[in-house]
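A.B. asks: Below is the sequence, then the predicted model.
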Amino acid sequence: MPMGLPKILIIDDQFTNSLRDRRNLCALFGINDITGDDKTSEKIKKPISEAVFCSSQIKSNGRIENSIRLAHDAVINGWPSEAGWRWSLILLDLRFVSGLLDNNNEPKGQDGDDSFGLLILEEIHKGFPDIPIIVMSSLGRKDVIEDCRKKGAFDFIQRIGFSTEERPPKKNLLQKIAEHGLIEDNRILKNEKLRIVGRSVPLMKSLRDARRAATGSGNILLLGETGSGKELLARYIHDLSPKNKGAYKVFHAFGSAETLQEDELFGHEKGAFTGAISLKHGIFESANGGTLFIDELGDVPEVLQNKLLRPIEARQVSRQGGDTDISLDIQLILATNKNLDEYSRTGKFKSDLLNRVKAYTITIPSLRERKEDIPVITSHLLENLCKENSARWPRKILPETLKLLTDYDWPDNVRGLRNVLERAVKNNKDSELVVASDVSFDVNLPVTENQVISKNETITIDSTIDDLIKRLSTFEFQKDYSKISGRLPDLQEAIAKMMANYLLSAINVTKKMKPGSLDGELNLTGAASCMMGEQLKTPKAADLVKKLLQQDKLMLEKLLSEYPELNRVYNEALRLRPKNKKI
Amino acid sequence: MKNSDWNSLRGKIHHDWMQRYFMFLNSRIETLDDIVKRKAKWQADIKEQFLEWKEKNIEFKTLIDECEMVLSPSQLLYEPPLNTMSEENKLWLGDVIHALYLERTGIRKTVNSLEAILIEVNTAFNSILKGVSDKPSPSKYFINKLTEFSINISKLPHSIQVV
């Protein structure tokens, strides 16, 4: 999938108004000018970005005046643009020269407003806090640098003139874009399946955090729901780090026995235990010089958590049965979908291990937090799946299908979307279209922050009631006093309403129909028998309904007032078994 | 030349024009080197920008030539309140003040140094213009010389030196 160059908005009077200066700037920084007003703009060799220039000034009646509104409008035009891209960052000058124009239509005097740039900075940061703004400053502007930071500037870049910076201007700008810019995954990949697809702000912020973290050393913790792309992001970090020529190893801390996990992590010496017929290198050793990704950190058994402290902190391991310390030079990336702070509070996760792994934390947005990415992810996945399954490609996704996909909440994120699309492809290999009926959703469990999802568990459910039962019986409440306090009455009410609805549903499906009438006759015995799945006698049926509704007197009153039909049912139950008085 | 006029000229050629010229030069290093080393043809726009130095060189020469006098405190004798002195007193006192200023600031040494650097700058400029240079990168050499010149211009005081 071809990636476009990052788009930069340059707000500067000189480089917008003087085409000659603009061309020099573009040549110096490796920028393609896409403003559209320079008919002879030159093609840049190996550009690193594309830029639109805005002077934030209005020329009229022989004068040039500064205008914040123009800068504001320019920002809006790329946030997002009609084509769907967003500004990666803004380069902003501080000094804007205004006043009378000379014969060449250039500002005559030195009516330079040194602080106009600060006003623009404040305005843009207020309205668009997610857009990174880099101030183009001259050497002598140290007086305003502190002010710029306070008003939201991310960084500074030397404007023009001779450079005192060690890096050439083009490389310097490239570094600024990588460090601060909101850019898509533009790696050149042999395997497109590794690409992290999307251009939403939450995703690009995570990618930016990842680039910043990719120093090749230290510990990085990735947090995100199941299927949100933690492994892909780990690979992204590896590819962009100085360790990218080294090995990339993955360890899943789930599924196998503790002893097997320990052996996989640390390896063993020959003869270390029965069956250890030869030396085995653990995954820490295998990853030496590269990156080790440990997934599902929250599921690491306690005994192993102790053993992880040393490699994580001191970068040293020993093989099982050995006493030689092996020094490690690795980039360690750890991931979890659990709330480790909570786990640590309840003793499930060691706090000293937590302190060591939290050195740099990156959160990956869930798919429902970046729904605008669903169309482009769908297209990407569909293409890969069609090729994998030798199915017809290209194929068009109908708008209503895309709406279905976008409206769904995706509890298992991109992995869930992939599963849905894979079914659609496999069931319709030769189709040119993806229609709404091709798409069927698994009724998957919502992933709560403390929930453990077994990799081997089959989650596909046949009916809604089964799903409801599964959700209710496996739901884990948060172990946080503030989050569970005071919720019992709400829970009781919800459960009571659920039972009332179930009863009414059974009543509805078991009505005795009369000839010539649309309404059916209440069939309490039939309804109770339906709910139990066996034929009940009338007294037992009435007892069952009374028990269902009489759990709580106050709740019963509330239910009877909210569900008028329930009155009829309850009264019928009382009539059939008049032990308690009618309310 | 008055101090204020001198500073105005300095701002115009050093602060404004010089920064733009540096941007031009830095963005065309490869192009200019190709012109010298590989005898590539000049593009009209590039040549026009490159030649701006010729005119500015004259203005920088003026700046250097005038700086000893415009920064001399002897000028203050011709402004209020000291300008009420007799012409005779202004003359001998002016000479004394100027001599002290020369001694204490070493301004002539600074000026001579600037003139020498300017000669080197022009040599580097001409080597590119004529397409003859023994430097590995004639344009980078010119940029380095011009940078050195600019740094030294920056070191010049702005106001009259009351020493």
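C.D. replies: Ah, there it is. Given the structure is predicted, the values throughout are model-derived calculations rather than measurements.
A.B. asks: Kindly report the residues of chain B close to chain A.
C.D. replies: B:11, B:18-20, B:22-24, B:26-28, B:45, B:49, B:143, B:146-147, B:150 (CB under 8 Å from any CB of the partner chain). For glycine as for every other residue, the C-beta is placed from the backbone atoms N, C-alpha and C.
A.B. asks: from the residues you listed, which two are the most distant?
C.D. replies: B:G11 and B:D45 (26.3 Å; CB to CB).
A.B. asks: hmm, back to that, and the residues of chain B next to chain A, which are buried?
C.D. replies: B:18-20, B:22-24, B:26-28, B:49, B:143, B:146-147, B:150 (16 or more other CB atoms under 10 Å in any protein chain shown).
A.B. asks: Among the residues you listed, which lie within helices?
C.D. replies: B:18-20, B:22-24, B:26-27, B:49, B:143, B:146-147, B:150 (DSSP state H).
A.B. asks: Local confidence estimate at residue 86?
C.D. replies: With no chain named, the answer covers chain A. With respect to pLDDT, A:R86 has a value of 94.
A.B. asks: actually it's chain B I care about, not the one you picked
C.D. replies: 92.
A.B. asks: which residues touch the residue lying farthest from the centre of chain B?
C.D. replies: Centroid-distance maximum for chain B: B:S86 at 35.4 Å, with CA atoms, centre = their mean. Residues near B:S86 by CB atoms under 8 Å, 6 or more residues apart in numbering or on different chains: none.
A.B. asks: ok, of the buried ones among the residues of chain B next to chain A, which one's closest to A:S55?
C.D. replies: Looking across these and measuring by CB to CB, the closest to A:S55 is B:R20, at 16.1 Å.
A.B. asks: Verify the stated contact: that closest one with A:L25.
C.D. replies: No: here B:R20 does not reach A:L25: they are 9.8 Å apart, not a contact under CB atoms under 8 Å.
A.B. asks: okay, and for chain A, where does confidence drop off?
C.D. replies: Applying pLDDT under 70 to chain A flags the ranges A:1-3, A:107-112, A:138-142, A:160-166, A:255, A:442-464, A:513-520, A:579-583.
A.B. asks: which SSE is the residue nearest in space to the middle of it in?
C.D. replies: Residue closest to the mean C-alpha point of chain A, counted by CA atoms, centre = their mean, is A:P365 at 1.6 Å. Under DSSP states H and E, no helix or strand contains A:P365.
A.B. asks: Excluding chain neighbours, what is closest to it?
C.D. replies: A:P202 (3.8 Å; CB to CB, 6 or more residues apart in numbering or on different chains).
A.B. asks: isn't the one you found right up against A:K371?
C.D. replies: No: the pair A:P202 / A:K371 is not scored as a contact, 10.2 Å apart, by CB under 8 Å.
A.B. asks: re earlier: and the residue nearest to A:P365, what is it in contact with?
C.D. replies: A:P365, A:E369, A:R370.
A.B. asks: which of those lies closest to chain B?
C.D. replies: Taking CB to the nearest CB as the measure, chain B lies nearest A:R370 of the contacts of A:P202, at 38.5 Å.
A.B. asks: so the closest one sits in a helix?
C.D. replies: Yes: counting by DSSP: H, G, I helix; E, B strand; the rest coil, A:R370 is found in a helix.
A.B. asks: Identify the residue spatially nearest to it, adjacent ones excluded.
C.D. replies: A:S200 (3.9 Å).
A.B. asks: And that neighbour, how far from chain B?
C.D. replies: 35 Å (CB to the nearest CB, to the nearest Å).
A.B. asks: so that residue sits right up against A:D373, yeah?
C.D. replies: Yes: contact criterion CB under 8 Å: A:S200 and A:D373 qualify, at 4.8 Å.
A.B. asks: Next up, the contacts around the most centrally placed residue in chain B.
C.D. replies: Chain B has B:F60 as the residue nearest its centroid, 3.7 Å off, counting by CA atoms, centre = their mean. Residues in contact with B:F60, defined by CB under 8 Å, 6+ apart, are B:I13, B:H14, B:L118, B:F149, B:I153.
A.B. asks: how far away is A:E432 from A:R392?
C.D. replies: 6 Å (CB to CB, to the nearest Å).
A.B. asks: Kindly report the same for A:F273.
C.D. replies: Counting by CB to CB - A:F273 and A:R392 are separated by 54 Å.
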